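quick check, what structure comes out for this input:
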Amino acid sequence: MGNKKYQRIWKVVTLIPPGKVASYGQVADLSGLPANARLVSRALKSAPEDLELPWHRVVNAQLRISFPYATPGYLEQRRRLAAEGVLFRGRRIDRECHWRPDLSVLLWQLDG
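Numbering: from 1, shown residues only. Sure thing, here's the model as predicted:
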């Protein structure tokens, strides 16, 4: 069950460009799996390390890091995002950094 769905999710995550973020729900929608934001979380947790997924570019719907504040996971994700130029307004990510892909290009990339 999960393998094909996970692969589709992983593919979408690889398409998120540096300096941009997408929400779990957005990744689910773009993967053809609407209403499966939690599945995106599970797919990211179970991704093989050798995929080197940019997992840090996936955040919650409020454009916030989902890890509890100031935990090692939170700090690591924030560090990675800041290194790519993602701007923060307090704990929230600036809306300018929200990925809005061109759907025709995205569909072409997903088919490949």
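
what about the longest helix seen in the chain, distance to the chain center?
Counting residues, the longest helix in the chain under DSSP state H turns out to be helix 2-15. Averaging C-alpha positions (C-alpha atoms, centre = their mean, to the nearest Å) puts helix 2-15 11 Å from its chain's average.

how about stretch 75-82?
Stretch 75-82 has its C-alpha centroid displaced from the chain centroid by 13 Å (C-alpha atoms, centre = their mean).

residues of that stretch that come out buried?
Neighbour counts using 16 or more other C-beta atoms under 10 Å place 77-78, 81 of stretch 75-82 among the buried residues. Glycine gets a C-beta too; all of them are placed from N, C-alpha and C.

do stretch 39-48 as well
Result for stretch 39-48 [16+ other C-beta under 10 Å]: buried residues 39-41, 43-44, 47.

residues in contact with it?
Stretch 39-48 is touched from outside by 2, 5-6, 9-10, 13, 24-25, 27-28, 31, 33, 53, 55, 58, 66, with contacts defined as C-beta atoms under 8 Å, 6 or more residues apart in numbering.

one more: stretch 101-112?
Contact partners of stretch 101-112, identified using C-beta under 8 Å, 6+ apart, comprise 8, 11-12, 15, 30.

poorly predicted segments of this structure, please.
1-2, 105, 111-112 (pLDDT under 70).

the strands in it, which residues?
Counting by DSSP state E, the chain has these strands, from start to end: 22-23, 58-59, 88-89, 92-93.

just those strands: most buried one?
Highest mean neighbour count of those: strand 58-59, a mean of 24 (counted as mean count of other C-beta atoms under 10 Å).

among the contacts of stretch 39-48, name the buried ones.
The buried subset of the contacts of stretch 39-48 - by 16+ other C-beta under 10 Å - is 5-6, 9-10, 13, 24-25, 27-28, 31, 33, 53, 55, 58.

about what we covered before: what's the closest of the buried residues of stretch 75-82 to H98?
Proximity to H98 was ranked across those by C-beta to C-beta; first place goes to L81, at 12.3 Å.

who's in contact with the closest one?
Counted by C-beta under 8 Å, 6+ apart, L81 has contacts 21, 56-57, 65, 88, 93.

before we move on, the earlier item: show me the buried residues of stretch 39-48 that map onto helices.
Counting by DSSP H, the part of the buried residues of stretch 39-48 found in helices is 39-41, 43-44.
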